[in-house]
Structure formats: C-alpha cells, structure tokens
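Student: Curious how this folds, go ahead:
(chains A and B, ligands or ions: 2)
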Amino acid sequence: MVNLLQNENMKIYRRLRTWILVGLMVAFVILVNTMEWHFDGKKAMDDGWKVTVKQEIQQWNRALKQPNLPDENKKYYEQQIAVNNYHLEKDIRSTDGTMWDGINGSAGLMIVITIFTIIIVGDVVAGEFSSGTIKLLLIRPASRAKILLSKYISVLMFGILLLLVLFVVSIAINGILYGFKYIDLPLIKMNTEGEIVEKSMILNLWKTYMYNGVSTVIYVTMAFMISSAFRSSSMAIGFSIGALFAGNIVMELLQRFDWSKYVLFANIDLTQYLVGSRPFQEGMTFSFSVGVLVVYFLIFNVISWLIFTRRDVAA
Amino acid sequence: MSSEPIISLVNVTKKIGKATIIDDLTFDVPQGEIFGFLGPNGAGKTTTIRMIVGLMSITKGKILIKGKNIKSEFEQAIRHVGAIVESPEMYKYLTGYQNLVHYARMVEGVSKERIDEVVSLVKLENRIHDKVSKYSLGMRQRLGVAQALLHRPSLLILDEPTNGLDPAGIRELRDYLRHLTRTEGITVIVSSHLLSEMELMCDRVAILQRGKLINVMPIQQFIQGNDQSQSYLIQATPPEQALSVVRQIDGIQGVNLTQDGLLEVNADKELIPDILEELMKNHIRIYSVQLVSQSLEDRFLEITGVEQIG
Ligand SMILES: Nc1ncnc2c1ncn2[C@@H]1O[C@H](COP(=O)(O)OP(=O)(O)OP(=O)(O)O)[C@@H](O)[C@H]1O
Ligand SMILES: [Mg+2]
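Tutor: Ligands and ions are numbered 1, 2, ... in the order given. Prediction:
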C-alpha cells in the first residue's frame, strides 16, 4: 500500500502541470494579500484600531435599540460589544491592520485549493484510461480497490500540500507587508459559558481551514467518482467546478421546497453554522449537515469503488 | 518439465451485450512452450488476452494460471504473469527508468539490479533515463517487454509484440523468447496476424476465428498440412519425355508440366528416389528437385476460409 501510494505520488509530482498549480497557488496568495494590504490594510496599521473598535461598539449599541430584534441577533451584538470592551480594557489590539487580518482573510482562498485539487483528481483515474496505462497498471498483484484507494489518498495529500502552501505563504507575505510584530496576538472571544477568553490565533486559523476543508473533500470525492465512473477528466473537472459555483444559485431556487435540505449543496458549507450566519433552512443543525455530508461521502466512494473494481478494461 | 499446464482455459466465453465475442474456448499451454494465437483482425485474440490477465470479466468458464483462478485468486494468479496488451502504453511524462520503478514497486522482490538487468536485456541502456514521450515506437515496445519481464514471470503474454520493432529487434525478441523458454522454462503466449512470424517463433498455434477456436496444432503440422503427400518440382530435360516416363510409375498421385517446363509431381516422399532412378535409366538429365510447401498464407486461408473480418 505504501508502494502504491509512492507510485501515485510519483505520477502527480513528476508532472509539470502539478508544479504550475502549486506555483499559481503561491502567486494567488501573494497577489490577493498584497492588493488587500494596498487598498485596505495600510490605513489601519497604527493605533487607529481603538477608534475602529469604539465605532463598532457604538454601532452595535444602536442596533440593539431596534424594535423586534430577534433574540439571536441581540445575543450576538452583546457578545461582540463585550469582546470589543475587553480589547480596550486589556489594550490588546484587534487584528485590524496586523498580519492576522491578511492571514485570516486568506482562508477564503481555499476555494482555489478546491479547484486545483479537482483538476488533479479529475485526471487521476480518467487519465490512466485515456492514455491506456490502465492496462499495465491493473495486471499486477495489487487489487483494484487498493489502487483506487492509493489514488484517492494521493489526491487528498495534494490538497493538504496546497493547504500548507496557503498557510506558510499567507503568514510569510502578511508578515512582510504588516510586520511580524503581532504574530502572537491572541484571539479574543466569548466561550459558551459567556466568559471572555484568549485563544490561540493559529489554532483558530486551522479550525477555519478544517471547516472549509470539509467542502473541499466532498467536491474532490465527487470529482473522483465522476473520473472513475465516466473515465473522462474533462467531465469530472467541468461538472465539479460547475457545481462549486452553481450550487448556491441552484439552492436558492430550491429553498422553498422542504426536501431541499437533503441536497448536497445545502449542507456543504459548514460555515453557515458559525455565529452570525443563518443556516440554509430553519431547523437545520450542524450535526444534521454533518450527517448528510457523511452519507453523500459514502455514496460517492462506494460508487467509485463499485465501478472501478468491476468494469471491463477495454481502453 | 511438469505435466501440469501453466495456463488452462476451460469453456471460456465472453459476451458483451448480446454479442458473443469469445465462444467456448478450451485449451492448455504446458510449461516451456511458445504458444501462438493466430487469427484475422477482430477474431478475439486481444479479448482472450484481456480475460487471461483479468482486465475483462469472463462471462462463462474459467481461466487457471498455475492452478489459480484469475477471478477468485487474482493476486496469486497474476503474480506469475507478465504481459503486453495491445500497444504498451507507458507514462509519457516519466522516464523509461521511472516507469520500470513504478511497476517494480507493485510486485515483491524486484531489486535495482533486476531493473538494470532487464534494461540491458532490451538494449535500452542509453535511453532509459529519457522521458518516454521522446521514445520511438520500437523503443516503447522494448520498454514494454522490459516491464513484462521485470518480476520473472512464469507466463509471458505478448499481444502483437513485434509491432514497431525493426527486423533486428524482431530477431532479438525471437531469440530471447527461445532462450527464456529453454533456460528458464518460461511459457510464452504471443498473438499475431503475421503468419511468417508465428512460423519462426511458435511451437503450437491456436487458430481463432470469430471468437471460436478452429484448431490447435503444432506449427510444423500447420505449415505442412495433414496429408503426407507433397508436391515436388523436378527440372529435367527433355521435359515431355520425362512426363511420359513418370506417368508410368505406380503410386503417383498426379503429374503435369508447368508453364516453365518443370515437372510437378504429387507423390509420397518415399517414391521420389524411385522416380529419379527411373528418369536416369531413361537417360533424362535431372538438374534439380524441389519440395513445394504451401505458403503459410495459403494454408491459413485454407483453414479459416476466405471470409470477411469479424
Ligand atoms: N468493448 C467492446 N464492446 C463490443 N465489442 C467489442 C469490444 N471489444 C472488442 N469487441 C469486438 O470483439 C471482437 C474481437 O476483438 P479483438 O480486439 O479481441 O480482436 P483481435 O483478434 O485482437 O483483432 P486485431 O488483430 O485487430 O487486434 C471484435 O469483433 C470487436 O469488434
Ligand atoms: Mg488485437
């Protein structure tokens, strides 16, 4: 199994295409962060943060006075006010105008990771068929299931590589742009017991990565299934990236139907359960979505496996 | 030599949709034999090979390799097999060497030395570290043979192995296959529609047509045909006189004069000395005697009939 994985990795990393994608990832992170810094971040770099924090408190206080404010929103505003007050009392900077502003913002670039990993995964099975190499691959004493699994793992590892690139490059570039001075800035938030706590910024960053990573894994698994079922990389890549962008639009049209909460795209974005956001439909919970995603995940993998291990290879 | 066949096919049938592509194939290949699959385009040679190596499912019947069922004991059965199925497609973006490393990792016990050994065997030392995308067809074929031999298989299956090889390469392959069967007792199955190639390479051939096994026979028998009587061309002068002399000999099946003035005689081999003696007694000068064997092509067409492909 380790050998098979080594093989799959060799086939990914000995290709120029792979390194072009990695290079593009680096370029994207640098470009997006530099633009952000240029248009936005530079202004907030010195002590101006206190002014902003105070302005925010005033805004939320005003919002609290609105009539008919839902409980949920009220609680959210109160929490934010408490957090901001804590910043002022302890003289702990907000992330505004520090490297963390850029780093946390860069987590949004995980969509690029999803797209690039789909490009690799679309070809990983289909490519063996279109080049005919599948014939020599499958006549070895290794079961088809193991070969398929090693391909799947190798692709997920590529996704993790891109995530590490995102992590390292976003820290480096934002450090260079904003300075590394506030690298140990804590994250201030209110825990479930209502106490204000200081948390590690890095840990929080990885938590965001993981939330976003769930959708990456699901899209990649879907593309993997299409790649092994239809043996067409363009179909796998086209359909999966299409779904990535069109999913939300489709869901808006379907929202009025009750059953739509079981659709993959209604659940794929777990950040909808973070504070300050609303779930796709009333009554959907985090564990509901996780459950739905697990079911889809299993279905996709079982289909890939059934088709790949059974099909006649006539390529 | 063990009497246990290396591979046996038992009532193997393949259906795709409604079409029966392979119809009830049964044959064994013993150890150390070079066995040929002969058949016109679309006869089902490649399909049979795909089933043997587990790329295609078997609709009915079974295939045993060294007693292991390719379907239910795939890993144990395929371990003994090295194969090229149609053209040997390699990873073009890898070097020849990296391709071999890739396949070496998939079986146990292939050392670095073994890789070097097969590389020199197929004479690719100078180009093995080039990308396969820069290889010629013949070089890719050689690399294909190298990957098939890497794990010292007991059964080597080559589908149209001489495709793209130059005459020297074909000869080398032939000699090498002979060498492997003699010294290591390896068994080889080759498919081809080039009859002349089969003649030089194989011990036995199976003739396949429209998915059916027409016949399995030793290549000598295939070339010569079943009947013992042969035809001979005799150059003798004067020819007319020779013709009338030969006509009178007992046991001659037929004799006539060709357009070139040669005597064409159909007779048993044992009768030839008598014929010559009789001619000499009659003071007829004999310049040459030649055995006419049917060409392999004629023989092949005779067996399969002149039919449409498929
Ligand atoms: N996937 C498939 N679906 C339907 N029919 C097929 C399929 N693959 C092969 N066939 C048919 O099976 C028959 C045998 O094909 P096969 O490739 O085994 O022939 P072959 O003897 O190798 O011929 P060639 O000398 O041209 O290589 C052909 O009639 C072909 O059309
Ligand atoms: Mg063929």
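Student: if I look at the residue of the stretch 51-200 of chain B found nearest chain A, how far off is ligand 1?
Tutor: Residue of the stretch 51-200 of chain B nearest chain A, by C-beta to the nearest C-beta: B:E89 (3.4 Å). All C-beta atoms are positioned from the backbone trio N, CA, C, and that covers glycine. According to C-beta to the nearest ligand atom, to the nearest Å, B:E89 and ligand 1 sit 15 Å apart.
Student: cool, A:A142 as well?
Tutor: 24 Å.
Student: For burial, what's the neighbour tally of the one residue in the stretch 151-300 of chain A that gets nearest to ligand 1?
Tutor: Nearest to ligand 1, among the residues of the stretch 151-300 of chain A, is A:R231, at 12.7 Å (C-beta to the nearest ligand atom). The tally of other residues near A:R231 (other C-beta atoms under 10 Å in any protein chain shown) stands at 21.
Student: go on, B:P218?
Tutor: Considering only other C-beta under 10 Å, B:P218 is surrounded by 12 other residues.
Student: Also A:G127?
Tutor: By other C-beta under 10 Å, 18 other residues sit near A:G127.
Student: Could you report the neighbour count for the closest residue to it other than its chain neighbours?
Tutor: Nearest residue to A:G127, sequence neighbours excluded (C-beta to C-beta, 6 or more residues apart in numbering or on different chains): A:S233, at 5.9 Å. Using other C-beta under 10 Å, the number of residues around A:S233 comes to 22.
Student: returning to what we had before: nearest residue to the residue of the stretch 151-300 of chain A closest to ligand 1 in space, ignoring adjacent ones along the chain?
Tutor: Per C-beta to C-beta, 6+ apart, closest to A:R231 is A:F129, 4.2 Å.
Student: Report pLDDT for that neighbour.
Tutor: On pLDDT, A:F129 comes in at 93.
Student: Run through the strands of the chain in chain order.
Tutor: Went with chain A since none was named. All strands of chain A, identified by DSSP state E, fall at A:187-190, A:196-199.
Student: wrong one, I was asking about chain B
Tutor: So, for chain B - with DSSP E - the strands run B:7-16, B:19-29, B:34-38, B:60-65, B:68-69, B:81-84, B:155-159, B:187-192, B:204-209, B:212-218, B:230-237, B:254-257, B:263-267, B:285-292.
Student: Pairing partners for the first one, with directions?
Tutor: Here strand B:7-16 has these sheet partners by DSSP bridges: strand B:19-29 (antiparallel), strand B:60-65 (antiparallel).
Student: cool, and the last one?
Tutor: The strands that strand B:285-292 pairs with in its sheet are strand B:230-237 (antiparallel) (by DSSP bridges).
Student: if we look at the partner strand, which residues are touching it?
Tutor: Under the contact criterion C-beta atoms under 8 Å, 6 or more residues apart in numbering or on different chains, strand B:230-237 has outside partners B:224, B:242, B:258, B:261-269, B:272, B:275, B:279, B:284-293.
Student: which of the residues you listed are buried?
Tutor: Using 16 or more other C-beta atoms under 10 Å in any protein chain shown as the burial test, the contacts of strand B:230-237 include B:A242, B:L262, B:L263, B:E264, B:V265, B:N266, B:A267, B:I272, B:I275, B:L279, B:I284 as buried.
Student: and of the residues you listed, the nearest to chain A?
Tutor: Of all the buried ones among the contacts of strand B:230-237, chain A sits closest to B:N266, with 48.1 Å by C-beta to the nearest C-beta.
Student: what does chain A have sitting close to chain B?
Tutor: A:3-4, A:6-7, A:10-11, A:14-16, A:131-133, A:135-136, A:138-143, A:310, A:312-314 (C-beta under 8 Å from any C-beta of the partner chain).
Student: let's see it at 6 Å
Tutor: Residues of chain A that fall close to chain B, judged by C-beta under 6 Å from any C-beta of the partner chain: A:3, A:7, A:14-15, A:131-133, A:135, A:139-142, A:312-313.
Student: Among those, which pair sits farthest apart?
Tutor: Maximum pairwise distance among the residues of chain A next to chain B (C-beta to C-beta): 29.3 Å, between A:R14 and A:D312.
Student: Spatially central residue (nearest the centroid) of chain A, please.
Tutor: Taking C-alpha atoms, centre = their mean, the centroid of chain A lies closest to A:N212, which sits 2.7 Å from it.
Student: what sits against that one?
Tutor: A:M110 (C-beta atoms under 6 Å, 6 or more residues apart in numbering or on different chains).
Student: Any residues of the stretch 201-315 of chain A in contact with ligand 1? List them.
Tutor: By C-beta under 6 Å from any ligand atom, the residues of the stretch 201-315 of chain A that approach ligand 1 are A:A314.
Student: Output the below-cut-off pLDDT ranges for the stretch 1-150 of chain A.
Tutor: Low-confidence segments of the stretch 1-150 of chain A (pLDDT under 70): A:41-47.
Student: For A:I92, give me phi and psi.
Tutor: With angles defined as degrees, to the nearest 10, A:I92 sits at phi -100, psi 120.
Student: now whichever residue of chain A sits closest to chain B: how far from A:L138?
Tutor: Residue of chain A nearest chain B, by C-beta to the nearest C-beta: A:G132 (3.4 Å). For A:G132, the distance to A:L138 equals 12 Å [C-beta to C-beta, to the nearest Å].
Student: number of nearby residues for whichever residue of the stretch 101-250 of chain B sits closest to ligand 1?
Tutor: Closest residue of the stretch 101-250 of chain B to ligand 1, C-beta to the nearest ligand atom: B:H193 (5.1 Å). When neighbours are counted by other C-beta under 10 Å, B:H193 registers 15.
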